[in-house]
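In: Build the 3D model from these lines:
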Amino acid sequence: MSELTAKFLAQLKLDIPLMARDAGLAGSKLMALAQRIEVSEERVDVPLSLDPDQGRLFLQVKHPAVAHLLNNPQRRRSDLLFIASSMMSILNREEEDITDEHEREFHARILRFALEEGQGSWAGAV
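Out: Below you'll find the predicted structure:
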């Protein structure tokens, strides 16, 4: 894993709890999922994939959008919202107790996060 990818994942793991606070069960599940994210180069058709048997989530670094995020020289912290949104969509599909309403509420939260807290770079000074 490249140093930039490691920084991206580290910032994601720090920001998910901020984005998911006060989100109840959906937020708790999202925070747990964020701790099980790994890097994969196997797929290009989806940005994230889930191994439900092992409960692992894979960031697909060969997916065009993910590759763009990782190689974007601006490295905006708000770029992490794309991954967080995808993670919540996966939870909504995979977990019966996570509903469309949970997902809508989470998207409202991440919009607030982007406007109020998600400023700066996910890579720091590179």
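
In: Any stretches of the protein with poor pLDDT?
Out: Flagging of the chain using pLDDT under 70 yields the residue ranges 118-120, 122, 124-126.

In: could you pull out the helices for it?
Out: Remark: helices assigned in the chain by DSSP state H are 3-20, 24-34, 64-71, 80-94, 100-116.

In: among the ones you listed, which is the most enclosed?
Out: helix 80-94 (a mean of 19; mean count of other C-beta atoms under 10 Å). Heads up, the C-betas are built off the backbone N, CA and C, glycines and all.

In: quick one: that one to helix 3-20, angle?
Out: Using axes from the mean of the first three to the mean of the last three C-alpha atoms, to 10 degrees, the direction of helix 80-94 lies 60 degrees away from that of helix 3-20.

In: With distance to Asp51 added, can I get the helices of the chain in TSV?
Out: Output for the helices of the chain, formatted as TSV (distance: least, C-beta to C-beta, whole Å):
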stretch	distance to Asp51
helix 3-20	17
helix 24-34	12
helix 64-71	17
helix 80-94	11
helix 100-116	21
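
In: right, and the ones you listed - which one's nearest Glu42?
Out: Closest approach to Glu42 among these (C-beta to C-beta): helix 64-71, 12.4 Å.

In: Run the chain-centre distance for that closest one.
Out: Centre-to-centre, helix 64-71 and its host chain are 13 Å apart (C-alpha atoms, centre = their mean, to the nearest Å).

In: residues in contact with it?
Out: With contact meaning C-beta atoms under 8 Å, 6 or more residues apart in numbering, helix 64-71 is reached by 2, 4-5, 8, 44, 47, 59-61, 79, 82-83.

In: can you pull the contacts of the closest residue to Lys13 other than its chain neighbours?
Out: Closest residue to Lys13 apart from its sequence neighbours, by C-beta to C-beta, 6 or more residues apart in numbering: Ala34 at 5.3 Å. By C-beta under 8 Å, 6+ apart, the contact set of Ala34 is 12-13, 16-17, 57, 87.
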